[in-house]
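A structural model of the following input is requested.
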Amino acid sequence: MTTIDTHTLRDWQSRGRDFILVDTLPADSFAKGHLPGAINIVSDDILNEAPRWLPDKQATIVVYCASEDCKRAGRAAERLARLGYTEVYHYRGGKRAWLADGLPLQD
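Numbers count the residues shown, from 1 in each chain. Coordinates of the predicted model:
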C-alpha cells in the first residue's frame with residue numbers, strides 16, 4: 001500500500017490532480033468535519049459500498065481516517081486492493097495531521 005503525506009495531498013489538490021478522497025470514519029464523525037471534497041465510506045462497509053461509489057477501478061483513490069494511529073483507512077485500502085482497485089493511497093496522518101498544518105475541515 002502506498003502512503004502519502006499532507007504535503008503531497010495538498011500538492012495534488014493545488015495541481016488539480018484527479019482523485020477521489022475517501023473518509024473511512026463513521027458517518028457522525030464525517031458530519032462533524034472532513035477534509036474538503038471527501039466522500040464518506042465507512043471502512044467496515046467498503047466491500048459493499050465501493051462498487052457503487054467507486055465504479056472505476058483505475059481511479060486514483062486516497063483514503064484517510066482520524067490519525068496515524070487509526071487503522072480504518074489502512075484496512076479500507078487493503079480491501080480496495082483486494083477488490084481490484086489499482087491506484088489506492090493511504091493518507092496516514094488523517095484529520096489530525098490536516099488540522100495540525102492549520103488546514104480547514106469542511107462541514
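
name whatever forms a beta bridge with the residue nearest to the spatial centre of the chain.
Per CA atoms, centre = their mean, the C-alpha nearest to the average position across the chain is that of residue 63, at 2.1 Å. The bridge-partner assignment for residue 63, based on DSSP bridges, gives residue 22, residue 90.

mind listing what it touches?
Each residue near residue 63 by CB atoms under 8 Å, 6 or more residues apart in numbering is listed here: 22, 24, 73, 76, 77, 80, 88, 89, 90, 91. Placement of C-beta: from N, CA and C, glycine included.

got it, and residue 26?
Contact analysis of residue 26 by CB under 8 Å, 6+ apart lists residue 42.

any idea how many residues pack against residue 52?
Applying other CB atoms under 10 Å, we find 8 residues neighbouring residue 52.

next one: residue 105
13.

assumed residue 99 was part of a strand.
No - counting by DSSP: H, G, I helix; E, B strand; the rest coil, one finds residue 99 to be helix, located in no strand.

you'd agree it is up against residue 105?
Yes - with contact defined as CB atoms under 8 Å, residue 99 reaches residue 105; the gap is 7.1 Å.

can you give me the strands in this structure?
Using DSSP state E, the strands assigned to the chain run over residues 2-4, 20-23, 39-40, 60-64, 87-91.

which one, of these, ends up nearest to residue 52?
Proximity to residue 52, assessed across these by CB to CB, is greatest for strand 39-40 (10.8 Å).
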